[in-house]
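> kindly return the folded structure for what I paste below:
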Amino acid sequence: MTDSPKRRPNMSPEKYARLRAEAKAPYRGLRKFIYFGLGASGFIGAFIFLAQLAAGQNVTSILPNLALQIGVVALMIFLFRLENRAERKS
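Numbering: from 1, shown residues only. Sure, this is the predicted structure:
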């Protein structure tokens, strides 16, 4: 056999490759799910603060909160893209 001696003969090559990828970067799927969830939460928060801003409620306290929510969304998008790039490399 030309295959690696550590590989089980009854395991499909696709499953073996997937398990190797998971061993190299554990919890990648969980991290991407968390980034997506936190980004969605930030988007909902930004939408709420934007609606309050459009209604003209206490602008001085809404602007910093809106900026924070937009920053959270931007950070989650950055981390999600970083994770995708790392996944494509391996």
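
> contacts, neighbours, all on C-alpha from now
Fine.

> packing partners for the longest helix along the chain?
Scanning the chain for the helix with the most residues, using DSSP state H, yields helix 59-89. In terms of contacts (3 or more Cα pairs under 8 Å, 6 or more residues apart in numbering; DSSP states H and E), helix 59-89 is packed against helix 28-55.

> off-centre distance for the helix it packs on?
Relative to the chain's own centre, helix 28-55 is displaced by 12 Å; criterion: Cα atoms, centre = their mean, to the nearest Å.

> got it, and stretch 53-61?
The chain centroid and the centroid of stretch 53-61 are separated by 31 Å, computed with Cα atoms, centre = their mean.

> one step back: and the longest helix of the chain with helix 28-55, angle?
For helix 59-89 against helix 28-55, the angle between stretch directions is 160 degrees (axes from the mean of the first three to the mean of the last three Cα atoms, to 10 degrees).

> pull out the buried positions in helix 59-89.
Within helix 59-89, the residues that qualify as buried by neighbour count (16 or more other Cα atoms under 10 Å) are 62, 66, 69-73, 75-77, 79-80, 83.

> from those, which is closest to Ala25?
Closest approach between the buried residues of helix 59-89 and Ala25, by Cα to Cα: Glu83, at 10.1 Å.

> how much space between the closest one and Asn65?
Between Glu83 and Asn65 the distance is 27 Å, computed by Cα to Cα, to the nearest Å.

> that older thread, and of the buried residues of helix 59-89, the nearest to Glu22?
Minimum distance to Glu22 across these is 13.3 Å, recorded for Glu83 (Cα to Cα).

> for the strand or helix carrying Arg18, give the mean pLDDT please.
In this structure, Arg18 is located in helix 13-24 according to DSSP states H and E. Model confidence over helix 13-24 averages 82 on the pLDDT scale.

> and what of stretch 67-76?
Along stretch 67-76, the predicted local confidence has a mean pLDDT of 97.

> list the contacts of it.
The contact list for stretch 67-76 (Cα atoms under 8 Å, 6 or more residues apart in numbering) reads Tyr35, Phe36, Leu38, Gly39, Ala40, Gly42, Phe43, Gly45, Ala46.
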